[in-house]
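K.L.:
Okay, structure incoming, though there's no sequence with it:
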């Protein structure tokens, strides 16, 4: 994301670099794609360089507005693309690093989870933007109104409508790290040994497994639903397909997960969603090579 900045004097670039982590975090949550988020932030940077900096009273707000509007444009194009998407669409996984002692870091990380990003898909683009700016990034309504070119009352209605559409699922459940590690160990054991004995007690009865291959690699096209069906898929199908893979534990989208590689090439990313009791209610597998090829540490705020 720094391409082009080396040719620019430090002073104009400084406000953008200060805002960049926040812009990237916001863009990713809006678009569900790291690549698209980076494009939106890069487009924002180019527009910043061409702007009259002396006339901009609040660079951070100006950059947020420009980036958000670019994300809205990209989200409309992405929606049209997803209509013809082969199989399940899942957000592009990213590696995250958070400070477990910092409550705000943890709260922000929870809004990066695969389950949360999928939940946001229920919202219209403007509802999603207004909700994220207000509820995740603590933005005042006047700034949201400026960003969306709407009245404050309209923005309040967007946020209220978003909360209604999300309902109870707005709550993100993140069980203690130890509980998550138990699930990861049991999940890996089930796939690598063909025995799900340790995993059974850690799955909800109606657990759902979804996989995203984007039509480019072999994977299931429809979700596998129910504990018995998921366990059978893990211990029979994945047991056979992932026998030679290397398992790399990683923090993905703010929670522990796995990156699986084959002969040194990333082949899959696995994340989970939990219910209020700490049991896994969803398993997400991303195999679309376009979404997993660039997995490396990215710090989103």
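P.N.:
Yes, it's here. Keep in mind that what you see is a predicted model, and the values were worked out from it rather than measured.
K.L.:
drop to CA atoms for contacts and neighbour counts, all remaining ones
P.N.:
Noted.
K.L.:
Walk me through the domains of this structure.
P.N.:
The chain breaks down into these domains under automatic domain parsing: 5-170, 177-292.
K.L.:
Next, please give the residue ranges for the strands of the stretch 101-250 of the chain.
P.N.:
Assigned by DSSP state E, counting those that start in this stretch, the strands in the stretch 101-250 of the chain fall at 203-212, 224-225, 246-252.
K.L.:
in the chain, which ranges drop under the pLDDT threshold?
P.N.:
When residues are selected by pLDDT under 70, those of the chain lie in 1-11, 97-108, 168-173, 296-301.
K.L.:
which residues touch the residue positioned nearest the centre of it?
P.N.:
In the chain, the centroid-proximal residue (C-alpha atoms, centre = their mean) is residue 112; its distance is 4.6 Å. Neighbour list for residue 112: 29, 253, 254 [criterion: C-alpha atoms under 8 Å, 6 or more residues apart in numbering].
K.L.:
hang on, the earlier thing: could you save the strands of the stretch 101-250 of the chain as CSV and add columns showing distance to residue 184 and mean neighbour count?
P.N.:
Listed next are those as CSV, based on distance: least, C-alpha to C-alpha, whole Å; neighbours: other C-alpha atoms under 10 Å:
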stretch, distance to residue 184, mean neighbour count
strand 203-212, 11, 21
strand 224-225, 19, 19
strand 246-252, 9, 18
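K.L.:
Adding distance to residue 180, write those out as a markdown table.
P.N.:
What follows is those, written out as a markdown table (distance: least, C-alpha to C-alpha, whole Å):
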| stretch | distance to residue 180 |
| --- | --- |
| strand 203-212 | 12 |
| strand 224-225 | 21 |
| strand 246-252 | 11 |
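K.L.:
Give me the secondary structure label for the spatially closest residue to residue 31 that is not a sequence neighbour.
P.N.:
Of all residues not flanking residue 31 in the chain, residue 75 sits nearest, at 6.0 Å (C-alpha to C-alpha, 6 or more residues apart in numbering). Following DSSP: H, G, I helix; E, B strand; the rest coil, residue 75 is assigned to helix.
K.L.:
same deal with the one 10 residues further on?
P.N.:
Secondary structure state of residue 85, per three-state DSSP, is coil.
K.L.:
Could I get the phi/psi values of the closest residue to it other than its chain neighbours?
P.N.:
Nearest residue to residue 85 in three dimensions, chain neighbours excluded: residue 214, at 6.5 Å (C-alpha to C-alpha, 6+ apart). The phi/psi pair for residue 214 (degrees, to the nearest 10) reads phi 60, psi 20.
K.L.:
what about residue 214, how many neighbours?
P.N.:
22 (other C-alpha atoms under 10 Å).
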